[in-house]
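Peer 1: from the sequence below, what's the structure:
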Amino acid sequence: MIPKIFKEVIDLGDGREISIETGKLAKQAHGSVVVQSGRCMLLCTVVSNYKASDVDFLPLTVDYREKFAASGRYPGGFFKREARPSDGEILTMRLVDRVLRPLFPKDYHAETQVMIQLMSHDDEVMPDAMAGLAASAAIQLSDFPFECAISEVRVGRVDGQFIINPTREQLGNSDIDMVIGASEDSVMMVEGEMGEISEEEMVEAIKFAHEAVKVQCAAQMKLAEAVGRKEVREYDVSAEEESVEKRIHEMAYDKVYAVAKAGSAKHERSAAFSEIKEEVKASFSEEEQEELGDLISKYYRKAEKAAIRDLVLNEGLRLDGRQTDEIRPIWCEVNYLPSTHGSAIFTRGETQALATVTLGTSREANQIDMPSFEGEETFYLHYNFPPFSTGEARPIRGTSRREIGHGNLAQRALKGMIPEDCPYTVRVVSEVLESNGSSSMATVCSGTMALMDAGVQLKKPVSGIAMGLITDTETGKYAVLSDILGDEDHLGDMDFKVTGTTDGITACQMDIKVKGLSYEILVKALNQAKEGRLHILEKLVDTISEPNADVKAHAPKMVTTTIPGEYIGALIGPGGKVIQELQKETKTTIVINEDPVTEEGLVEILGTDQDGIDAVLAKIDSITFKPEVGSIYEVKVIKVLDFGAVVEYADAPGNEILLHVSELAWERTENVTDVVKLGDVLDVKYFGTDPRTRKEKVSRKALLPKPEGYKERPPRNDRGGRNDRGGSKRPFKRRD
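Peer 2: Residues are numbered from 1 along each chain as shown. Here you go, the predicted model:
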């Protein structure tokens with residue numbers, strides 16, 4: 001049976017388009033689409049169980065995978081099959097999840113899976129920019145209770161012109177790389193990196209992207225109408241008890257308001273709120289508690305959230321007693337760890353991050369091996385969030401998606417400030433030791449100072465701040481919160497993180513929870529963030545004003561040099577013997593990379609001892625030494641033979657050449673030792689390669705005056721005899 005196929009096409013301009021197709025593949029899924037641009041094809045399927053899970057949240061899984069067959073490659077590893085997701089795939093999952101999750105009903109608890117697969121790759125198309133479109137389009141074809149269509153686009157700017165979904169090549173020339181997720185009427189998510197742009201430029205980029213998202217949302221709706229919309233499924237809705245909600249609100253609101261207004265520390269405040277909650281719960285009989293189940297906790301949280309939000313909107317006060325634009329106390333320290341190549345502590349309120357820096361060669365670069373991209377990072381940042389940082393004991397199950405996402409944000413914030421000529425591979429690791437509000441921004445701050453402490457010549461220091469927003473749509477009141485607490489992260493309508501230098505924004509991450517947020521409020525929030533960011537930057541600069549001039553004494557020094565490609569083999573030696581012995585003798589690490597264009601060898605020498613580095617450089621000079629014809633060189637006699645002396649160039653130890661007995665002096669030399677002895681130092685003239693012997697020739701006598709009456713000996717003929725008898729040569733007689 002030939003399937004009935006439905007298709008919609010979105011024009012991106014510049015001859016590019018995106019198509020959304022359904023009806024051909026994966027028809028047993030509750031919704032499936034193939035999204036294609038050029039030769040890039042994404043298959044997205046969505047499935048949601050009809051029976052709710054026994055949890056009080058939405059068990060949503062967004063999975064994005066890139067198949068190696070999509071680019072005609074084999075997976076690495078012993079088993080030669082795709083294994084756990086890469087960091088790049090996880091980051092794409094997070095981008096999609098953050099936009100989809102808020103649009104499901106809060107009481108929808110059915111296990112839901114969104115699976116996106118890269119089935120065909122195109123070097124000119126970046127697939128992650130279409131993942132959000134694919135996910136939403138598949139959901140529109142399902143019967144899920146989902147609020148509205150959304151999409152995500154990447155926006156770049158090249159030569160002042162904004163571009164939707166730029167190619168990787170265009171992105172390399174762009175000063176903006178942002179992914180924006182939105183519905184037709186609201187921007188919901190922003191994440192990206194920028195080249196020190198202004199707040200106004202950032203808003204312009206978001207507006208431009210939003211217009212493209214509107215077109216993609218309309219295409220999804222048109223496709224769904226053509227296929228035929230499904231009735232939204234019925235599901236068990238949580239019971240509501242208005243009288244109980246009102247009773248709990250009246251009991252808890254004023255008490256929570258009073259505790260919040262008192263402005264206390266995290267643990268004191270948490271204990272006070274827990275006490276209020278227990279009082280509320282105790283006011284219900286055991287039978288009522290059993291009957292109401294989770295409703296008591298649900299309504300208490302609702303009352304608590306309302307009281308804290310009202311305190312901020314009405315009095316401009318926050319949970320810890322600060323004003324809305326006030327930053328928590330900050331203290332910093334550098335060079336804390338004596339053995340690392342660089343270290344720094346950044347503490348802001350109850351959030352603390354300890355960053356370390358490690359310097360290495362190109363061999364330590366982070367290798368990226370994805371079907372859609374192959375490359376390496378010579379600057380990368382890892383973020384660790386142990387459970388003790390929040391006073392909890394919980395299972396440790398490897399690096400979480402959150403840790404990968406937060407580390408990536410901090411890496412993007414800093415990487416533009418690493419100088420292009422930095423010879424090292426640089427790894428920053430942030431250990432979050434305390435957390436109560438934006439440990440990712442603390443990572444940016446501690447990372448900046450640790451890099452400067454390590455002697456990495458940052459172009460400019462970078463700071464970061466986490467912001468919040470509380471709005472009241474009925475009254476029009478709103479409050480922008482600088483340097484938010486962990487509790488404020490959950491009760492606000494927007495939380496966003498902004499990093500930058502004194503000259504502009506380098507990275508951002510926003511999650512907007514309120515519909516129709518005006519760009520006027522967004523600009524005000526960004527400008528308030530700038531004030532806080534610059535305040536924090538002052539604290540960093542007070543601690544370490546500029547990068548240390550040199551790396552630490554125990555840190556490796558890096559020297560790079562180039563050698564002609566013809567000498568690479570000589571430096572490596574048979575089976576690596578020369579380079580291995582040289583590393584062992586000098587206690588250095590030597591890495592050789594061949595430039596495919598120039599065919600030169602780029603040699604990296606890493607070592608803590610300058611004498612060892614100098615010894616390697618001397619060896620390289622020796623190997624690559626090439627004397628010039630007609631030049632005079634100082635040599636040392638290292639071996640005496642019957643037919644001459646083996647001499648070594650003083651400027652290139654290890655480079656030897658034969659000084660023939662006939663070139664020692666103008667007079668006939670019977671014994672070599674009559675003229676030179678072992679260990680003698682003398683000057684010789686280099687004549688290049690003798691065409692007759694095909695050997696290099698040097699001469700001592702060429703630098704000496706000729707004796708009076710000296711007669712040149714006639715040159716040898718082709719047969720080795722001398723043409724010194726006059727007349728013609730005697731003919732060769734053949735013997736029969």
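
Peer 1: CA only for contacts and neighbour counts going forward, please
Peer 2: Fine.

Peer 1: for residue 100, what are phi and psi?
Peer 2: Note on residue 100: backbone dihedrals following degrees, to the nearest 10 are phi -70, psi -50.

Peer 1: tell me which helix or strand comes right after the least confident helix or strand in the chain by mean pLDDT.
Peer 2: Least confident helix or strand of the chain, by mean pLDDT, DSSP states H and E, is helix 486-491 with a mean of 83. Downstream of helix 486-491, the first helix or strand assigned by DSSP states H and E is strand 494-501.

Peer 1: now do the helix or strand following that following strand: everything it contacts.
Peer 2: Once strand 494-501 ends, the next helix or strand along the chain (criterion: DSSP H and E) is strand 504-512. With C-alpha atoms under 8 Å, 6 or more residues apart in numbering as the test, strand 504-512 has contacts from 98, 187-199, 409, 412-414, 416, 493-500.

Peer 1: low pLDDT regions in the stretch 301-450 of the chain?
Peer 2: Applying pLDDT under 70 to the stretch 301-450 of the chain flags no residue at all.

Peer 1: neighbours around the spatially closest residue to residue 124 that is not a sequence neighbour, how many?
Peer 2: Spatially, and ignoring its direct neighbours in sequence, residue 124 is nearest to residue 167 (5.2 Å; C-alpha to C-alpha, 6 or more residues apart in numbering). Using other C-alpha atoms under 10 Å, residue 167 has 16 neighbouring residues.

Peer 1: any idea how far residue 154 is from residue 167?
Peer 2: 10 Å (C-alpha to C-alpha, to the nearest Å).

Peer 1: now residue 109
Peer 2: 31 Å.

Peer 1: please apply the same query to residue 35.
Peer 2: 16 Å.

Peer 1: list the buried ones in the lengthiest strand in the chain?
Peer 2: Scanning the chain for the longest strand, with DSSP state E as the assignment, gives strand 40-52. Neighbour-count burial for strand 40-52 flags 40-48, 52 (criterion: 16 or more other C-alpha atoms under 10 Å).

Peer 1: please apply the same query to stretch 688-704.
Peer 2: Neighbour-count burial for stretch 688-704 [16+ other C-alpha under 10 Å]: 688, 697-702.

Peer 1: shaky segments in this structure?
Peer 2: Within the chain, the stretches with pLDDT under 70 are 1, 712-736.

Peer 1: go through it and flag its longest helix.
Peer 2: The single longest helix within the chain, with elements called by DSSP state H, is helix 199-227.

Peer 1: what angle do that helix and strand 504-512 make?
Peer 2: Here helix 199-227 points in a direction 40 degrees away from that of strand 504-512 (axes from the mean of the first three to the mean of the last three C-alpha atoms, to 10 degrees).

Peer 1: for the closest residue to residue 342 other than its chain neighbours, phi and psi?
Peer 2: For residue 342, ignoring the flanking residues on the chain, the nearest one in space by C-alpha to C-alpha, 6+ apart is residue 454 at 4.0 Å. Note on residue 454: backbone dihedrals following degrees, to the nearest 10 are phi -80, psi -10.

Peer 1: what's the burial count for residue 454?
Peer 2: Neighbours of residue 454 using other C-alpha under 10 Å come to 27.

Peer 1: could you do residue 614 as well?
Peer 2: Close neighbours of residue 614, defined as other C-alpha under 10 Å, add up to 14.

Peer 1: about what we covered before: tell me the one of the buried residues of strand 40-52 nearest residue 295?
Peer 2: Nearest to residue 295 among the buried residues of strand 40-52, counting by C-alpha to C-alpha, is residue 52 at 17.4 Å.

Peer 1: buried stuff in the longest helix of the chain?
Peer 2: Residues of helix 199-227 classed as buried: 199, 202-203, 205-206, 209-210, 212-214, 216-221, 223-224, 227 (neighbour count, 16+ other C-alpha under 10 Å).

Peer 1: contacting residues around the helix or strand following that helix?
Peer 2: Using DSSP H and E, the helix or strand that follows helix 199-227 in sequence is helix 242-262. With C-alpha under 8 Å, 6+ apart as the contact definition, helix 242-262 has outside contacts at 269, 272-273, 276-277, 280, 296, 299-300, 303-304, 306-308, 311, 317-321.
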